[in-house]
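Participant: here is a sequence together with a model predicted from it:
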Amino acid sequence: MSRAIDHPVVRIAITMIVLVFCYANVLAALVMQWTENSTYSYGFAVPVISAYIVWTKWPALQRLPWTHDYRRGGALVFVGVGMLSIGRLGGLMSLQAISLLVTLSGLVLIVSGPKVLRAIRFPLWYLLLGLPVWNYLFASIQLTGQRAAATMATELLRAVGVPALHHGITIDLPNVSLEVLAECSGINQLLALTTMAVPAAYLWVDSRTRRICLILIAIVLGYLSNGVRVALLGWLTWQGYRVSDPHSLIHLAPGFFSVGIAYLVLGACLTWLSKSNGRNNGTQPETPAASPHVSGTRRLAVEFAVLVLMFGAGASQLVAMPEVEPGESELEVVPDRVSDWTLEGTLDPASARFAGFDQTLLHTYPTASGERRFDALDKEVLRTYRHVSGRRVQLYIGYYGSQQDGKELTGAMSRALQTVASSVSVVRGAETVALREVVQRREEGPRGVVFWYIVNDCVTSNIYAAKLYTLWHAMTKWRTRGTVMMVAWDGAKTDAVAARAAALDFAGALLAEPRLAN
């Protein structure tokens, strides 16, 4: 019986069962992310490819000396489980996802030792590409992708005789203007092609220079294929077809066509670059070395302790995290009178439209409701305030009594705001506070929204700072309260500057309220 338990395959199976139990919530969240977020839709392929690479190496791995590095392995597991617990407290899925790789690396050290970990380090860390930890990078290159797509599409349309002009991310055709939205930036194609190119280069190309070349080709093809897709949509629009519905076949077909061509070209480049391979990429056989002597009792005790730690972390996910001393929400604190502004009315946000949620203001893909909203709020309210001069603004307050996975202040809606917003300063008493705003220019006059977050009484307008505040207070105060506050304004062409100034004045006055001025 003891021999059976000590067999490498049995030990790996037992370890993987406990790992899956420990990270069940994280794995479920990853599957949901891959299913619902088009940017990470390629994620389903990542663990399959990683497992395939390990499978190709398995015969060579069996010939390596399997040792047990309990010190470093145990330390990594402890750090990984700690990251998992902290990430859960702060509602940070990215931290929990990264902890999965840290814990997995520690388990490999414990079960098989450093030589095996070194041999599978590529498929192990390749898993990073499937984790939702790249949002900041995507946001930084998204606008560049949108502009590149608009430029390439315009040039292609001109080449086939379609009169087209572009400015920024907008393409003007004779019959319509097309805007290259964030979802059309080409990030999806770029990621999918790169995710395929990286393991292909590792497995079948033997030169580092050629590997880099293949990956660069994949990046270029990602941008080019997106430019071709946008150009095809523009041509169809010029021909009189309606392609505005993102779920319609006529909208999706150009993407399938351009990406299919890109994969064919990438495959041809892979064939060309791998022709002169002179070595096998598999792990080179080594003469088995004797494992350091570790008593069976000690080994079983250490491994049992590690598994119990992971099992306990997994079991804790089944227990709801209590919210200690939640305190008053901003809905209860915001007064009816703010400086020269007086509450005029309160509406139910579920039945009344709010400018800050409008998809045209956020430059996002069309939805059935025409809006993008914060998910799983505990409370929300929409108020109208009137200035003594007669000018009005709308104040939206969305409140989370506690945050957790799928119920986060810095979720999809905040990321959409962060992508299109710019910085703006307001005066709060004797100081200046940095907030964020989104402004939309329209024929009938501009409109906009100013917004910020309050995380456990700390004011910030940056979602990454909001995440850090949430994490810190989760660890130190056992609180994860979070509130979004948005002030919307709407002005005619003649008084747009005054309308925006009034909204900024109201935001500053609201922040200066004693119970909100932290």
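Facilitator: Alright, I've got the coordinates. The structure displayed is predicted, hence computed values, not measured ones.
Participant: now the closest residue to Val160 other than its chain neighbours: which helix or strand?
Facilitator: Closest residue in space to Val160, ignoring its immediate chain neighbours: Trp235 at 6.8 Å, by C-beta to C-beta, 6 or more residues apart in numbering. Any C-beta I mention is one placed from the backbone N, CA and C, and that applies to glycine too. If you go by DSSP states H and E, Trp235 is part of helix 208-238.
Participant: with Leu510 instead?
Facilitator: helix 496-511.
Participant: what is the rounded mean pLDDT of that helix?
Facilitator: Averaged across helix 496-511, the pLDDT comes to 90.
Participant: so which elements touch that helix?
Facilitator: When contacts are defined as 3 or more C-beta pairs under 8 Å, 6 or more residues apart in numbering; DSSP states H and E, helix 496-511 sits against strand 337-338, strand 379-387, strand 392-400, strand 422-428, strand 431-440, strand 447-455, strand 482-490.
Participant: sorry, back to before: may I see the buried residues of the helix holding Trp235?
Facilitator: 210-211, 214-215, 217-218, 221-238 (16 or more other C-beta atoms under 10 Å).
Participant: can I get the helices and strands packed on helix 496-511 in a markdown table including mean pLDDT?
Facilitator: Listed next are the helices and strands packed on helix 496-511 as a markdown table, based on pLDDT from 0 to 100:
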| stretch | mean pLDDT |
| --- | --- |
| strand 337-338 | 88 |
| strand 379-387 | 91 |
| strand 392-400 | 92 |
| strand 422-428 | 88 |
| strand 431-440 | 90 |
| strand 447-455 | 92 |
| strand 482-490 | 92 |
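Participant: would you turn those strands into JSON lines with distance to Ile187 and mean neighbour count?
Facilitator: Shown next, in JSON lines, are the helices and strands packed on helix 496-511 (distance: least, C-beta to C-beta, whole Å; neighbours: other C-beta atoms under 10 Å):
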{"stretch": "strand 337-338", "distance to Ile187": "41", "mean neighbour count": "16"}
{"stretch": "strand 379-387", "distance to Ile187": "30", "mean neighbour count": "18"}
{"stretch": "strand 392-400", "distance to Ile187": "27", "mean neighbour count": "23"}
{"stretch": "strand 422-428", "distance to Ile187": "21", "mean neighbour count": "15"}
{"stretch": "strand 431-440", "distance to Ile187": "21", "mean neighbour count": "18"}
{"stretch": "strand 447-455", "distance to Ile187": "24", "mean neighbour count": "24"}
{"stretch": "strand 482-490", "distance to Ile187": "25", "mean neighbour count": "25"}
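Participant: redo those strands as a markdown table? Include distance to Leu361.
Facilitator: Shown next, in a markdown table, are these (distance: least, C-beta to C-beta, whole Å):
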| stretch | distance to Leu361 |
| --- | --- |
| strand 337-338 | 24 |
| strand 379-387 | 16 |
| strand 392-400 | 13 |
| strand 422-428 | 13 |
| strand 431-440 | 5 |
| strand 447-455 | 7 |
| strand 482-490 | 9 |
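Participant: so which of those strands comes closest to Cys184?
Facilitator: strand 431-440 (18.4 Å; C-beta to C-beta).
Participant: strand partners (parallel or antiparallel) of that closest one?
Facilitator: Using DSSP bridges, strand 431-440 pairs in its sheet with strand 422-428 (antiparallel), strand 447-455 (antiparallel).
Participant: distance of Gln194 relative to Val230?
Facilitator: Actually, residue 194 is Thr. It isn't Gln. 20 Å (C-beta to C-beta, to the nearest Å).
Participant: try Phe357
Facilitator: Taken as C-beta to C-beta, the span from Phe357 to Val230 is 26 Å.
Participant: can you tell me the element the nearest residue to Ala139 once chain neighbours are set aside falls in?
Facilitator: Spatial nearest neighbour of Ala139, chain neighbours left out: Thr419 (5.8 Å); criterion: C-beta to C-beta, 6+ apart. Per DSSP H and E, Thr419 falls inside helix 412-420.
Participant: in terms of secondary structure, what does that helix contact?
Facilitator: helix 135-159, helix 359-362, strand 431-440, helix 463-476.
Participant: turn those into a markdown table, including distance to Met16.
Facilitator: Listed next are those as a markdown table, based on distance: least, C-beta to C-beta, whole Å:
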| stretch | distance to Met16 |
| --- | --- |
| helix 135-159 | 29 |
| helix 359-362 | 42 |
| strand 431-440 | 44 |
| helix 463-476 | 29 |
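Participant: closest to His166 out of the ones you listed?
Facilitator: Here helix 135-159 is closest among the helices and strands packed on helix 412-420 (C-beta to C-beta), at 4.2 Å.
Participant: could you give me the average pLDDT of the following helix or strand past that closest one?
Facilitator: Going down the chain from helix 135-159, the next helix or strand is strand 165-167, by DSSP H and E. Strand 165-167 comes out with an average pLDDT of 85.
Participant: quick one: list the elements packing against strand 165-167.
Facilitator: Taking 3+ C-beta pairs under 8 Å, 6+ apart as contact, the helices and strands that strand 165-167 lies on are helix 135-159, strand 170-172.
Participant: flag every buried residue along the last one.
Facilitator: Meaning strand 170-172. In strand 170-172, counting by 16+ other C-beta under 10 Å, buried: Ile171.
Participant: can you give me how far it is from the chain middle?
Facilitator: 28 Å (C-alpha atoms, centre = their mean, to the nearest Å).
Participant: so what strands line up beside the next helix or strand after it?
Facilitator: Per DSSP H and E, the first helix or strand lying C-terminal to strand 170-172 is strand 177-179. Next to strand 177-179 in the sheet, as set by DSSP bridges, lie strand 170-172 (antiparallel).
Participant: ok, and what's touching the strand it pairs with?
Facilitator: For strand 170-172, contacts defined as C-beta atoms under 8 Å, 6 or more residues apart in numbering pick out 150, 153-154, 157, 164-166, 177-180, 230, 234.
Participant: at 6 Å instead, please
Facilitator: 150, 154, 164-165, 177-179, 234 (C-beta atoms under 6 Å, 6 or more residues apart in numbering).
Participant: same deal with stretch 140-160?
Facilitator: 164, 166, 169, 171, 180, 182, 185-187, 223, 226-227, 230-231, 234.
Participant: next: stretch 492-509.
Facilitator: Against stretch 492-509 from outside (C-beta under 6 Å, 6+ apart): 338-339, 341, 391, 393, 426-428, 445-446, 450, 487, 489, 491.
Participant: out of the helices and strands packed on helix 412-420, nearest to Leu266?
Facilitator: helix 135-159 (18.1 Å).
Participant: in three-state terms, label Val133 for me.
Facilitator: coil (DSSP: H, G, I helix; E, B strand; the rest coil).
Participant: contacts only, for it.
Facilitator: Ser94.
Participant: show me the contacts for Ala376.
Facilitator: Contacts of Ala376 by C-beta under 6 Å, 6+ apart are Lys407.
Participant: quick one, grab the pLDDT at it.
Facilitator: So Ala376 comes in at 85 (pLDDT).
Participant: over to Arg71?
Facilitator: At Arg71, pLDDT is 85.
Participant: nearest the middle, which residue of this structure would you pick?
Facilitator: The chain has Asn135 as the residue nearest its centroid, 4.0 Å off, counting by C-alpha atoms, centre = their mean.
Participant: if I look at that residue, how far off is Leu232?
Facilitator: For Asn135, the distance to Leu232 - C-beta to C-beta - is 28 Å.
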